[in-house]
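> here's my sequence, what's the structure:
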Amino acid sequence: MEVTKDEKNYLELLIKEDIGFGNKIVGELLKSKKVELATAMIDHPLKGNIVLKIKAENPKKELIDAIKSIKDELKKLGAELEGKKGK
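Here you go, the predicted structure:
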């Protein structure tokens, strides 16, 4: 992950993942009323990196909160799947 712009209320990142990952982060960011803008797009068709743009009062905090929320969601899903494994 590379920070390409870091301004007071704006953060732009270049992430070497697929667009599905970026869309999941954007979806989680947009749940917050403190986020004004959250987008993910592919930087170039041949490279396939994601450009993630966030505009908020504190975009770094919002990104961290979104990632924590996704992590918690995945843990819960993993626990549910483990519980169904023995059935």
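
> what helices or strands is the longest helix along the chain leaning on?
The single longest helix within the chain, with elements called by DSSP state H, is helix 59-85. The helices and strands touching helix 59-85, judged by 3 or more CB pairs under 8 Å, 6 or more residues apart in numbering; DSSP states H and E, are strand 10-15, helix 19-29, strand 50-56. For every residue, glycine as well, the C-beta is placed using N, CA and C.

> want to try TSV for these, with mean neighbour count and mean pLDDT as columns?
Output for the helices and strands packed on helix 59-85, formatted as TSV (neighbours: other CB atoms under 10 Å; pLDDT from 0 to 100):
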stretch	mean neighbour count	mean pLDDT
strand 10-15	18	96
helix 19-29	18	95
strand 50-56	21	97
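
> dump the ones you listed into a markdown table; add distance to residue 65 as well.
Formatted as a markdown table, these follow (distance: least, CB to CB, whole Å):
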| stretch | distance to residue 65 |
| --- | --- |
| strand 10-15 | 13 |
| helix 19-29 | 8 |
| strand 50-56 | 10 |
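
> how far off centre is stretch 55-72?
Taking CA atoms, centre = their mean, to the nearest Å, one finds stretch 55-72 lying 8 Å from the centre of the chain it belongs to.

> kind regards, and thank you for your time.
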